[in-house]
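Engineer: Just a sequence and a predicted model for now, questions to come.
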Amino acid sequence: ALREGEKLVLQKFEEALRQKNVTEIEAQGKEFDPDFHEAVARFAAGEDKKGKVIDCTQTGYTLGEKVIRFAKVVVGE
């Protein structure tokens with residue numbers, strides 16, 4: 001019952017954020033963009049992943065067009 005309650009609370013919280021126009025920043029596999037991403041590490045990943053986000057260590061969010069928390073990411077080099 002506790003697990004079900006946690007899922008319900010999370011769903012309601014996510015819905016409230018959507019209603020306030022708060023959205024998650026897509027990072028995984030995208031080109032590194034300093035306007036939305038904060039690089040916390042670099043990782044040798046080959047030419048095909050150079051300059052792309054390999055991993056997201058902390059999700060970022062926007063409120064409308066404004067970034068309220070940058071996505072912390074690992075970038076390929």
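Structural biologist: Happy to help now that I have it. Numbering: from 1, shown residues only.
Engineer: Just the mean pLDDT for stretch 52-63, thanks.
Structural biologist: Throughout stretch 52-63, pLDDT has a mean value of 95.
Engineer: Over to stretch 68-77?
Structural biologist: Predicted confidence along stretch 68-77 averages 95 (mean pLDDT).
Engineer: what about residue 48, neighbour count?
Structural biologist: By the measure other CB atoms under 10 Å, the count of residues near residue 48 is 7. For the C-beta atoms, the positions are set from N, CA and C on the backbone; glycine is no exception.
Engineer: ok, now which ones touch residue 31?
Structural biologist: Contacts for residue 31 (CB atoms under 8 Å, 6 or more residues apart in numbering) come out as 51, 52, 53.
Engineer: which of those residues count as buried?
Structural biologist: Buried positions within these, assessed by neighbour count (16 or more other CB atoms under 10 Å), are 52, 53.
Engineer: Redo the contacts of residue 31 as TSV? Include distance to residue 72 and secondary structure.
Structural biologist: Putting the contacts of residue 31 into TSV (distance: CB to CB, whole Å; DSSP: H, G, I helix; E, B strand; the rest coil) gives the following:
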residue	distance to residue 72	secondary structure
51	17	coil
52	15	strand
53	10	strand
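Engineer: I'd like the contacts of residue 31 as a markdown table, with distance to residue 33 appended.
Structural biologist: What follows is the contacts of residue 31, written out as a markdown table (distance: CB to CB, whole Å):
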| residue | distance to residue 33 |
| --- | --- |
| 51 | 10 |
| 52 | 10 |
| 53 | 9 |
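Engineer: For residue 22, state which of the contacts of residue 31 is nearest.
Structural biologist: When those are ranked by distance to residue 22 (CB to CB), residue 53 comes first, at 20.6 Å.
Engineer: Now residue 52. Nearest residue, chain neighbours left out?
Structural biologist: Nearest-residue entry for residue 52: residue 76, 5.3 Å, with adjacent residues in sequence omitted and distances by CB to CB, 6 or more residues apart in numbering.
Engineer: heading toward the C-terminus, what's the first helix or strand past the host helix or strand of residue 54?
Structural biologist: Secondary-structure element containing residue 54, defined by DSSP states H and E: strand 53-58. Tracing the chain past strand 53-58, the next element assigned as helix or strand by DSSP H and E is strand 61-63.
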